[in-house]
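Student: Any chance you could fold what I've pasted below:
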Amino acid sequence: MLSNAVKTYEDVDKNTSSGRATEARVLTQGALKLIEVKQKWNSPQRRQLLDAALRYNQRIWSIFQVELSQKNHPLPEQVRLDLLQLSRFIDRRIFDAMAFPEAEKLDIIIKINQNIAAGLRGSPR
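Tutor: Numbers count the residues shown, from 1 in each chain. Sure, this is the predicted structure:
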């Protein structure tokens with residue numbers, strides 16, 4: 001029963017959130033998935049959790065890249081270029097963590113996701 005209520009709330013939240021709130025939510029979710037991997041690093045499910053978390057984060061940042069590449073994007077050009085450069089850094093870090101898994105490699109992605117999510121919410125982390 002409770003899980004149905006949570007699911008309903010999440011569905012309503014997804015349908016009524018602003019773009020910024022949605023971006024903050026998915027970045028936070030990406031960070032949480034990576035934190036879970038770190039917490040379960042020595043578990044037998046680590047590889048599956050790591051792959052799922054990295055792919056989730058890769059999708060987030062790929063979507064940002066597409067959006068930021070739009071010529072009519074409302075952000076100032078320099079901010080867009082800086083975020084695109086950051087997204088390329090995240091891509092490299094994700095591919096590195098996929099190829100050579102180490103828990104510490106996830107830290108920077110977690111921090112970036114959390115900090116940008118906090119900024120999108122308009123609040124300090």
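Student: How about residues contacting stretch 71-86?
Tutor: The contact list for stretch 71-86 (CB atoms under 8 Å, 6 or more residues apart in numbering) reads 64-65, 67-69, 112. In short, each C-beta sits where N, CA and C put it, glycine included.
Student: can you rerun that using 7 Å?
Tutor: By CB atoms under 7 Å, 6 or more residues apart in numbering, the surrounding residues in contact with stretch 71-86 are 64-65, 67-68, 112.
Student: Let's test this: mean pLDDT of that stretch, rounded?
Tutor: Stretch 71-86 carries an average pLDDT of 93.
Student: That one: how far from the chain's middle?
Tutor: Centre-to-centre, stretch 71-86 and its host chain are 18 Å apart (CA atoms, centre = their mean, to the nearest Å).
Student: Buried residues, that stretch. List them.
Tutor: Under the neighbour-count criterion of 16 or more other CB atoms under 10 Å, stretch 71-86 has 80, 83 buried.
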